[in-house]
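>>> Let me see the structure of the following:
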Amino acid sequence: MFDFDKQIDRRGTNSLKWNKYRDQDIIPLWVADTDFMAPQGVIDALQQRVAHGVFGYSRPSPRLIELVIERMQQRYGWKIEPEWLLFMPGVVPSLNFGIKAWCRPEQHVITPKPVYYPFLHAPEHNDRPVSYLPMQLVEDRWLPDFAMLEQQAQSADVLLLCNPHNPGGTVFTREELQRIADIAIRHDLIVISDEIHCDLLLEPDAQHIPFASLSPEAAARSAVLMAPSKTFNIAGLCSSFAIIPDSRLRFKLQQAMRGLMADNNLIGLVAAEAAYEHGDEWLQAQIEYLRANRDLVEKTLGCLPGIKIAKLEATYLAWIDVSGLGMADPIAAFEAGGVGLSPGAQFGDKNFVRLNFGCSRTLLQQALDRMVKVIQLTRLAVQK
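Numbers count the residues shown, from 1 in each chain. Model prediction:
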């Protein structure tokens, strides 16, 4: 019913992902958007709105607000109120404005490392000192160093959380989130939780838990950032939302954004509404396809000497340890072999590369074949 095997030519469409290697025989598996066509319901809604022909300033529809509220209740058993919702052009701006609003100039922002790179730069953008919270591999899952977090929290106002974690794909359990919440409560931390990948759970028994849903105490000190963008491959339409239960925090954020945050994108709001209204069957099929792609990556690369891949519980972004290959420049080596990946250094660990497997299986197999060849040639060179 849904054809994720279909290869759609994105060249010549000003695609950030595909333009990077324009006119080169390099398969782009880097930036986090997929090559899948959006759900037909989204396409139909956009075409209908475009046919209307008037594109003035807009606000989220009552139906979109209703859909978000229903989604939180149905998926997480979390009852939220309409006034808790703030619709934003993107999660990254929300992250930055949250720091501006809730972190005093002399206090630190705690950010995990490695992590999605805007986390690493947001404190600097807002002239706030930063403390890096190490992510550690524990029983094949990436977890924060809780003892270090306890220490860092003593001089911090804000903790940035990425759940599911990007890169690494950990879906934090209730117990793990509660440990974070307990530390935040003890040290009066505000938690900004980026949960943009919450719909892309690849392990059947994985359960996403919004941070603010843990307890009234967690809700009073947190903002949950979500979007349909990664889920339904509509990132270019710039539509997201923050769920902030505490009225004081909401007011401070709105004050920080005054005159600086753009209005909501009309087309993005239309797409978000259609995605949440009509996209869940498509989403389930996509998850099954991505799960098989993940398994293919792990089966093909994970068994090779010099390569380590922890189990990916969520996202379509494989976090691959290539330190055992002894490459001086892994990205350059794989590009020379015809595959474009994201450098681990960008996320805070130069020993890794990140691979986006949100593409047709045929294209993924071609890329993996090329990577295997690069790895084999590298190991032969080392042995000589």
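>>> Tell me what the spatially closest residue to Pro60 that is not a sequence neighbour is bridged to.
Distances taken as CB to CB, 6 or more residues apart in numbering put Phe87 closest to Pro60, at 4.9 Å, once the chain neighbours are dropped. No exception for glycine: its C-beta is placed from N, CA and C like everyone else's. On the basis of DSSP bridges, Phe87 is bridged to Phe241.
>>> and Phe87, how many residues sit next to it?
Residues near Phe87, counting by other CB atoms under 10 Å, number 20.
>>> Now do the contacts for Ala272.
Counting by CB atoms under 8 Å, 6 or more residues apart in numbering, Ala272 touches Leu64, Ala227, Pro228, Ile234, Leu237, Ser239.
>>> Kindly report the same for Asn163.
Neighbours of Asn163 in contact, by CB under 8 Å, 6+ apart: Thr170, Val171, Phe172, Leu177, Ser193, Asp194, Glu195, Cys198, His208, Phe211.
>>> returning to that earlier point: now do the same for the residue nearest to Pro60: its pLDDT.
At Phe87, the pLDDT value in this model is 97.
>>> I'd assumed Leu269 was in contact with it.
Yes: assessed by CB atoms under 8 Å, Phe87 is found in contact with Leu269 at 7.2 Å.
>>> Spit out the residues that contact the two alike.
Shared contacts of Phe87 and Leu269, counting by CB under 8 Å, 6+ apart, come down to Pro60, Ser239.
>>> Show me the longest strand that occurs in the chain.
strand 130-138 (DSSP state E).
>>> ok, whichever helix or strand comes after that strand: who's next to it in the sheet?
Scanning forward in sequence from strand 130-138 by DSSP states H and E, the next helix or strand is strand 141-144. Each strand paired with strand 141-144, and its direction, by DSSP bridges: strand 130-138 (antiparallel).
>>> For the strand it pairs with, list every residue counted as buried.
For strand 130-138, a neighbour-count test (16 or more other CB atoms under 10 Å) marks Val130, Ser131, Tyr132, Leu133, Met135 as buried.
>>> Surely the last one touches Gly169?
No: Met135 lies out of contact with Gly169 (CB under 8 Å); the separation is 11.5 Å.
>>> Now the common contact residues for those two.
Shared contacts of Met135 and Gly169, counting by CB under 8 Å, 6+ apart, come down to Trp142.
>>> Quick check: of the buried residues of strand 130-138, which lies closest to Leu260?
Val130 (21.3 Å; CB to CB).
>>> Distance check, that closest one against Ile110.
8 Å (CB to CB, to the nearest Å).
>>> what do you get for Ala153?
7 Å.
>>> same deal with Ile192?
Taking CB to CB as the measure, Ile192 falls 10 Å from Ile110.
>>> buried residues in whichever strand or helix holds Phe251?
Assigned by DSSP H and E, Phe251 belongs to helix 247-257. For helix 247-257, the neighbour count (16+ other CB under 10 Å) marks Leu249, Arg250, Lys252, Leu253, Ala256, Met257 as buried.
>>> Let me see the mean pLDDT of the following helix or strand past it.
For helix 247-257, the following helix or strand on the C-terminal side (DSSP H and E) is helix 266-278. Averaged across helix 266-278, the pLDDT comes to 98.
>>> what does stretch 231-240 give?
For stretch 231-240, the mean pLDDT works out to 97.
>>> how far does it stretch from start to finish?
12 Å (CA to CA, to the nearest Å).
>>> ok, now stretch 114-133?
9 Å.
>>> which residues of the stretch 251-384 of the chain fall in helices?
266-278, 280-301, 330-336, 361-383 (DSSP state H, counting those that start in this stretch).
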